[in-house]
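>>> build me a structure from this.
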Amino acid sequence: KNQMTIMIENREIIVESASLIRTMDTGCDVLSAVMPWELGLDSEIDRITAPYSYSPAKIYIGGNLISEMILYDIEHITNSRGTVKNLTFASKLADIVDSTIIPPYEMNNVKLTTRCEQQCFPFGISVIVGDDAAAAMNETRKKIVTVQKREPIIYSIDLSNQTINQGYILTPTKKSKYVTDEKKFPRVKAEPTDTIFKHLAKLATQRGVLLSCTKEGDLLITTANIKSK
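I've put the predicted structure just below:
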């Protein structure tokens, strides 16, 4: 109590009650709040909480920024005590929870992070990989690489003083080496009706990782820290 602060744009709003839900595996954070309201009393409040305003918001607890959100849904309720607004906020990651897959629906030899980026970037959502998650998704494998081999060549001979002018040429040569990199799916496939988050979460499960979000609302690939207190 008295520790949560809700800012819409640069304005703190006063609420009767609020509930913040954060999880490790459902994508976006969600906040619902009940705000007392009287039409015309405060034109700025009317503007930033108007239906379809999609106003940016920040949620603080104890003065610490917990989550950056967007005001997605507004409901007006009037009873004998007056009128209130039921406000629903969510991280911008909500866009991939609600939206269906962006083509291509099938991809071959693709990493989880690559598939996430392909689906998230059109919404302005970055993909962040936690250190533990990166270790869980990596594998060591042999890879064929092309290197430049330096070979000597003779480009002139001076007969007068019997000297040879020698240079070098770089020749592309293939060699194998062991590299540690993220595992690739031989093939990923989604139906046009699948939501983006559902599709990506299914792939994440196969890699033993979770899809969550950062406080900025970007996609976070993470793991449960089962060794901590």
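>>> give the contact list for Thr26.
When contacts are counted by Cβ atoms under 8 Å, 6 or more residues apart in numbering, Thr26 touches Val97, Ser212. To be clear about C-beta, it is placed using only N, CA and C from the backbone, and glycine gets the same treatment.
>>> list of residues touching the helix or strand bottoming out on mean pLDDT in the chain?
None of the helices or strands of the chain scores lower by mean pLDDT, DSSP states H and E than strand 138-158, at a mean of 76. Strand 138-158 is contacted by residues 163-183 when judged by Cβ under 8 Å, 6+ apart.
>>> and that strand, which strands flank it?
Partners of strand 138-158 in the sheet, by DSSP bridges, are strand 163-182 (antiparallel).
>>> got the contact list for the helix or strand that the strand it pairs with is followed by?
Going down the chain from strand 163-182, the next helix or strand is strand 184-189, by DSSP states H and E. With contacts defined as Cβ under 8 Å, 6+ apart, strand 184-189 is touched by Tyr105, Glu106, Met107, Asn108, Asn109, Val110, Lys111, Leu112, Arg115, Leu203, Gln206.
>>> I'd like to know which of those are part of strands.
Within the contacts of strand 184-189, residues falling in strands by DSSP state E are Glu106, Met107, Asn108, Asn109, Val110, Lys111.
>>> now do the buried residues in stretch 89-103.
For stretch 89-103, burial by neighbour count (16 or more other Cβ atoms under 10 Å) applies to Phe89, Ala90, Ser91, Lys92, Leu93, Ala94, Asp95, Ile96, Val97, Ile101.
>>> so how far is the strand or helix carrying Ile45 from its chain's centroid?
Using DSSP H and E, Ile45 sits in helix 43-48. Centroid separation for helix 43-48 versus its chain: 31 Å, with Cα atoms, centre = their mean, to the nearest Å.
>>> identify the residues contacting that helix?
Ile8, Glu9, Arg11, Ile13, Trp37, Leu39, Gly40, Ser53, Ser55, Leu71.
>>> sort out which of the residues you listed are buried, if you could.
Ile8, Ile13, Trp37, Ser53, Ser55, Leu71.
>>> buried residues in the following helix or strand past the helix holding Ile45, which are they?
Going down the chain from helix 43-48, the next helix or strand is strand 56-61, by DSSP H and E. Neighbour-count burial for strand 56-61, counted by 16+ other Cβ under 10 Å, picks out Pro56, Ala57, Lys58, Ile59.
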